[in-house]
Structure formats: C-alpha cells, structure tokens
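Student: Predicted model and sequence below, questions to follow.
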Amino acid sequence: MTIERFIAGLPKAELHLHIEGTLEPEMALALGRRNGVVLPWANTSELRAAYDFANLQEFLDLYYHGTRVLIEERDFHELTMAYLRRAGAQNVRHAEVFFDAQAHTARGVPFATVIDGIWRGLREGEQEFGVSSRLILCFLRDRPIAEAEEILDQALEYRDRLVAVGLDSAEVGNPPGKFADLFARARRWGLLAVAHAGEEGPAEYVRQVVERLGASRIDHGNRVLDDAALVHKLARVGMPFTVCPLSNLRLGVVARMADHPLQRMLDAGLLVTVNSDDPAYFGGYVNENYLAAAVALGLDEETLRGLARNSFAASFLDEAAKRNYIAKVDSYGT
C-alpha cells in the first residue's frame with residue numbers, strides 16, 4: 001500500500017479547523033455575487049494568486065476580507081456542509097470546528113445568523129457524511145476584550161451547542177494571559193478551553209494558555225520546544241497539541257517542511273495531532289497535511305497511525321466514543 005492510500009483510508013479526527021478558512025475561491029466569488037459583495041478579484045485564478053503570504057498578518061488580512069461574503073444563515077450552512085463533504089471523503093470521522101463570531105458581528109451580521117447556519121450544517125453533515133462534530137467559539141485576540149465579553153454574553157444563550165471557547169488571530173503582541181478572566185467566566189459556565197499559542201509567539205504564551213486560561217489543548221504550540229522544562233511538564237500530563245504542517249509552511253513558521261518540529265515534538269513525548277487549520281488558503285485539507293509531513297519527515301505507517309490515534313484521544317468526545325475510534329485506528333492496515 002502506498003503512503004497516499006494508507007493516509008486516505010486512515011480514520012482520523014480533525015481538531016484545528018477554522019470554518020471560515022474553508023472558504024474556497026469558487027465559493028467566495030459565488031457568495032459575493034449572490035450577496036452583492038464586490039471582491040477585488042475577477043476570477044478564481046486571480047483570487048488563488050492572492051494566496052501568497054509572507055506572514056500570519058498578511059494571511060489574516062485576506063482571510064477577514066473573504067469573510068465579507070458570509071452574510072446570510074444559508075451562507076454559513078453551505079460553507080459548513082462543503083467542509084464536511086470534503087472531510088468525510090478524507091475519512092475524517094470527527095471534527096471540532098472553530099468559528100470567529102467577531103469577524104461577522106463586527107460587520108453587522110447577527111450572532112444568531114452565524115451559529116444557526118453553522119449548527120444546521122454540522123447536524124446535517126453528520127447525517128449525510130458521517131462526520132460527528134463539536135463547535136468551538138474563538139475570540140479574536142487582537143480585538144478589545146470588552147467586545148469578546150459581549151460575544152460571550154450572546155454565546156451563553158447557545159451554550160448547549162458549544163463545547164469550548166478558543167483564542168486565535170494575530171498572536172505577536174497579544175499574550176493570552178490578558179484573556180484570563182474571560183476564559184475563567186466561560187469555564188464557570190461549563191465550557192472547555194483551547195487556545196492558539198506558540199505559532200509565532202514565544203513558549204511563554206504556551207505557558208500562559210495552560211496556567212492562566214486553563215486550556216485543555218494547545219493549538220499549534222511549535223515554540224514550546226524552546227522551553228525544555230515546559231515540554232517535560234506538558235508531556236507528563238499528556239497535554240494535546242493541534243499541529244498544522246501546511247499552515248506553518250505557507251505562513252513562514254518553517255522555511256521547509258523538512259524543518260517542521262512535528263517529529264521533534266513526538267520525540268519529546270508530546271501528544272501531537274495533525275490538522276489543516278485554514279485549508280482553502282494553505283493548499284490542503286487534513287490528508288494533504290498528513291502526506292506532506294510523512295514525505296518530508298519520513299514518517300512511517302505506525303507513526304501516522306499514532307497521530308490518528310492521538311487525534312481521537314485529544315478530542316472532546318466521550319470516552320466510549322474515543323475507545324471505539326481508536327480501536328478502528330489500531331486495526332486499520334493490519
């Protein structure tokens with residue numbers, strides 16, 4: 001069996017996926033036409049050519065520009081269904097999906113419109129494509145905390161639909177610790193916590209996410225390797241990391257895939273998972289991320305199976321569901 005076929009059939013979960021980051025150029029242009037939003041690109045070729053980023057901020061500028069076409073509930077529903085269709089085809093059996101409510105409410109789109117569209121897509125997608133899901137509300141760390149507080153107020157009306165809160169957007173200069181009170185409030189309402197840290201920011205941000213935000217998972221976390229004591233602590237407690245290889249390559253976090261720290265993180269005993277982040281912008285969904293890492297780092301089938309096993313172990317599924325999926329991973333290809 002080729003490595004491509006092995007990855008294609010491997011059952012897996014995806015734990016680091018921004019639904020807005022699945023907006024393919026074709027859909028962006030179609031929604032723009034439908035909603036009367038004029039984009040500065042005439043066709044898909046021009047828009048794809050714009051996906052050439054030097055850093056995280058350049059990507060975010062384009063990413064938020066693209067969200068302008070998402071206006072009606074059906075837009076969010078169609079976006080979610082399109083992702084789950086692709087995910088199911090790649091044998092993703094469970095997805096934990098981020099959404100950036102502030103990117104939409106700041107444009108005048110009601111919170112209810114956003115979450116209702118995504119939620120309907122998640123429920124229909126599970127029935128149609130066999131992908132179970134959980135939903136995570138992310139706060140934008142480069143916007144005012146008061147705005148995030150208002151979003152949490154609205155989100156708590158829908159807390160039965162949410163499993164966790166998260167933290168994303170421009171990392172440098174926006175330490176996670178300043179959101180400690182906000183996250184404590186969310187946790188008091190029964191929500192779990194995850195947060196982006198150590199992508200472009202320092203290992204100290206990873207420490208803050210754990211110690212001040214009470215995170216159950218670290219999103220990205222590459223720079224944790226700069227702090228040996230922190231690595232040892234997080235390996236000992238089994239803290240999961242949602243690593244995104246193609247994202248790191250396209251945003252210049254690593255110069256070459258061969259330089260990616262995934263194998264070093266595994267060697268250090270960290271619980272690492274592989275995910276696609278914003279796949280429409282970074283050149284691949286979850287299988288392409290597995291394949292890029294496998295080829296560049298020489299990962300064998302057992303390592304890939306271990307990454308898939310980790311993806312279910314690190315999920316917010318119940319223990320019985322985790323055991324069921326992990327058993328399927330263990331029996332795959334044997």
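Tutor: That came in fine, so what should we check first? Residues are numbered from 1 along each chain as shown.
Student: What lies in contact with stretch 167-179?
Tutor: Stretch 167-179 has contacts (Cβ atoms under 8 Å, 6 or more residues apart in numbering) with 18, 56-57, 60, 98, 100, 138-143, 145, 148, 183, 194-197, 199-201, 204-205, 208-209, 212-213, 219. To be clear about C-beta, it is placed using only N, CA and C from the backbone, and glycine gets the same treatment.
Student: Quick check on those: which are buried?
Tutor: Buried residues within the contacts of stretch 167-179, counting neighbours by 16 or more other Cβ atoms under 10 Å: 18, 56, 60, 98, 100, 138-141, 143, 148, 183, 194-197, 199-201, 204-205, 208-209, 212-213, 219.
Student: Strands along the protein, start to end?
Tutor: Using DSSP state E, the strands of the chain run over 12-18, 92-99, 132-140, 164-168, 192-197, 217-220, 240-243, 271-274.
Student: quick one: the first one to chain centroid distance?
Tutor: It refers to strand 12-18. 6 Å (Cα atoms, centre = their mean, to the nearest Å).
Student: which helices and strands does that strand pack with?
Tutor: strand 92-99, strand 217-220, strand 240-243, strand 271-274, helix 286-297, helix 301-313 (3 or more Cβ pairs under 8 Å, 6 or more residues apart in numbering; DSSP states H and E).
Student: Report all helices and strands that the first one contacts.
Tutor: Using 3+ Cβ pairs under 8 Å, 6+ apart as the contact criterion, the elements in contact with strand 92-99 are strand 12-18, helix 73-89, helix 111-129, strand 132-140, strand 164-168, helix 319-331.
Student: from these, which stretch is densest packed?
Tutor: strand 12-18 (a mean of 28; mean count of other Cβ atoms under 10 Å).
Student: what about dumping the CA coordinates of it to CSV?
Tutor: The C-alpha trace of strand 12-18 is given here as CSV (Å, rounded to 0.1, in the frame of the first residue of the first chain):
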residue,chain,number,x,y,z
LYS,A,12,-8.9,10.4,11.9
ALA,A,13,-10.3,13.4,13.7
GLU,A,14,-9.6,17.0,12.9
LEU,A,15,-9.3,19.3,15.9
HIS,A,16,-7.9,22.5,14.5
LEU,A,17,-10.1,23.8,11.7
HIS,A,18,-11.5,27.3,11.2
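Student: Tell me what angle it forms with strand 164-168.
Tutor: 60 degrees (axes from the mean of the first three to the mean of the last three Cα atoms, to 10 degrees).
Student: what mean pLDDT does strand 12-18 have?
Tutor: When pLDDT is averaged over strand 12-18, the result is 98.
Student: which residues are contacting that strand?
Tutor: Contacts of strand 12-18 (Cβ under 8 Å, 6+ apart): 83, 87, 90-100, 138, 168, 217, 219-220, 240, 242-244, 273-279, 286, 290, 307-308, 311-312, 314-315, 317, 325, 329.
Student: change it to 7 Å
Tutor: In this structure, residues lying in contact with strand 12-18 by Cβ atoms under 7 Å, 6 or more residues apart in numbering are 87, 91-98, 100, 217, 219, 242, 244, 273, 275-278, 286, 308, 311-312, 314-315.
Student: give the contact list for N248.
Tutor: Contact analysis of N248 by Cβ under 7 Å, 6+ apart lists N222, V254, H260.
Student: Could you identify which of those residues has the most neighbours?
Tutor: Counting neighbours by other Cβ atoms under 10 Å, the top entry in these is N222, with 25 neighbours.
Student: Which residues are in contact with that residue?
Tutor: G198, E199, N248, V253, P261.
Student: Also I7?
Tutor: N287, Y290, L291, A294, L304.
Student: again, 6 Å this time
Tutor: Each residue near I7 by Cβ atoms under 6 Å, 6 or more residues apart in numbering is listed here: N287, Y290, L291.
Student: Dump the residues you listed into TSV; add neighbour count as well.
Tutor: Output for the contacts of I7, formatted as TSV (neighbours: other Cβ atoms under 10 Å):
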residue	neighbour count
N287	22
Y290	27
L291	21
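Student: From L29, how far off is V38?
Tutor: Taking Cβ to Cβ, to the nearest Å as the measure, V38 falls 11 Å from L29.
Student: Compare neighbour counts for these two and give me the winner.
Tutor: More neighbours surround L29 than the other of V38 and L29, with 19 against 8 (other Cβ under 10 Å).
Student: if I look at the more buried one, how far off is R5?
Tutor: 33 Å.
Student: Next: V210.
Tutor: Per Cβ to Cβ, V210 is found 38 Å from R5.
Student: Just put the helices and strands packed on strand 92-99 in a markdown table and tack on distance to A268.
Tutor: Formatted as a markdown table, those follow (distance: least, Cβ to Cβ, whole Å):
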| stretch | distance to A268 |
| --- | --- |
| strand 12-18 | 19 |
| helix 73-89 | 29 |
| helix 111-129 | 34 |
| strand 132-140 | 26 |
| strand 164-168 | 24 |
| helix 319-331 | 22 |
